Structure formats: C-alpha cells, structure tokens
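Novice: show me how the following folds:
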Amino acid sequence: MSKLSIAAPPAVTLRWILQRDLPVMLQLEQQPPAPQWTQKEFKAVFQSADTAGWVADIAGRVVGFLVYRVTSQPDLVESVAADFPGWRSYAAAGQVARKPLGISLLNLAVAPSWRRHGIGRTLLGRIGQKLQQPQDCIEVTVPESNLPVQLLLRDAGYKAVSVQRDYYGAEDGYRMELRRE
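Specialist: Numbers count the residues shown, from 1 in each chain. Below is the predicted model:
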C-alpha cells in the first residue's frame, strides 16, 4: 500500500476585482457549471455603484471570483449619532429599528483545477462576514442542474427557500439564503 502525501494548498489572497482581471474571469466563465457571462455583461455589472466582488489569487494567478450586489443598506447610526446627542444610547437600547443588509450573489466561479481546494468556501466566508444582524441576508439563485454549487452553498450554511420556475430559460433555479445566526 502506498502512502499519499497531501500538500497544503498555497495561501489564497482575496482582493477586490480589478479591470485587468476581466480576461481571466471570462476564461473561468467558460468552464461549466459557471453562468457564462459575456464581457459586456461583466462591464454592465461593474458600472453599477452597488456591485462589487473579489478574486481569489494564488501566487499572482486568479483562480476564482465572487461578484455580488448590495440590495439594501442598513441605516447609518454613526452618522446620525454625530448630529444628535444621546442618539447612540437610544439606538443601543433597541429603540431604533435597523434596516437589514441585503446582498445578492451574482456570480461565483473557481478554476476547474482549483475546485475542492477551499477557494469557493473562502470567497463565501468573506461575503458571510458582512452579515452583522440576524435580519441581514445573502441570497442567491442557483440553476437546478448546478449540484456542485448547491452543495457548496449548503455546506456554507445557505438554506434553500424556494424554487424559481423557469428562472434560467427552461431551467428552474433554487433560491438559497444565508442569515446570521
């Protein structure tokens, strides 16, 4: 019986998506089961002020990415607190309703040779850190046929909440959510 040696994967660096990352992101999009956005679609998404994302970089090479849109922002208590004395203690006492943070995952892709190495989990972990309150939510709709991403999301704590009929043309999508517990 031979012994397998399993090397630890190199350190993954997450950084904001830059314009120069677009060609590599487009290449990753061509690998199933990615949604296969076009360059025009990527550019349109990033022209929106409420859209952002990260790339997973290993030794200067982009091996994955995550794109998201902020759909609702919490109220900024700190800016109000500066203008109204006593506001902070009033808010801390639970007297102020906080608008929940809403995030939609738009795209997640990992290079085939780097799948099952924790890249997707690392990207999802970073976005999950944005959830601060129980009512904050990250939502994503996944094609019915994309079982690997459904399982990744489930393992990351996302729950299937509904079926979106014909969401991807003739294919249904599963709407999944993550809430802070």
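
Novice: leaving aside the residues next to it on the chain, what's closest to the most centrally placed residue in the chain?
Specialist: Compute the mean C-alpha point of the chain, and by Cα atoms, centre = their mean the closest residue is Leu105, 4.6 Å away. Nearest residue to Leu105, sequence neighbours excluded (Cβ to Cβ, 6 or more residues apart in numbering): Val140, at 3.8 Å. (Each C-beta comes from the backbone N, C-alpha and C, glycine too.)

Novice: confirm that the one you found sits in a helix.
Specialist: No: looking at Val140 with DSSP: H, G, I helix; E, B strand; the rest coil, it is strand, so not inside a helix.

Novice: how many other residues sit next to Glu139?
Specialist: 17 (other Cβ atoms under 10 Å).

Novice: correct me, but it touches Pro100?
Specialist: No: using Cβ atoms under 8 Å, Glu139 is not in contact with Pro100, being 11.6 Å away.

Novice: need the contact list for Val70.
Specialist: 50-52, 101-103 (Cβ atoms under 8 Å, 6 or more residues apart in numbering).

Novice: pairing partners for it in the sheet, please.
Specialist: For Val70, the beta-bridge partners are Ile103 (DSSP bridges).

Novice: lowest-confidence helix or strand of the protein?
Specialist: For the chain, counting by mean pLDDT, DSSP states H and E, helix 77-83 ranks last in confidence among helices and strands (a mean of 46).

Novice: is Leu105 in a helix, a strand, or coil?
Specialist: strand.

Novice: what of Leu178?
Specialist: Going by three-state DSSP: Leu178 is strand.
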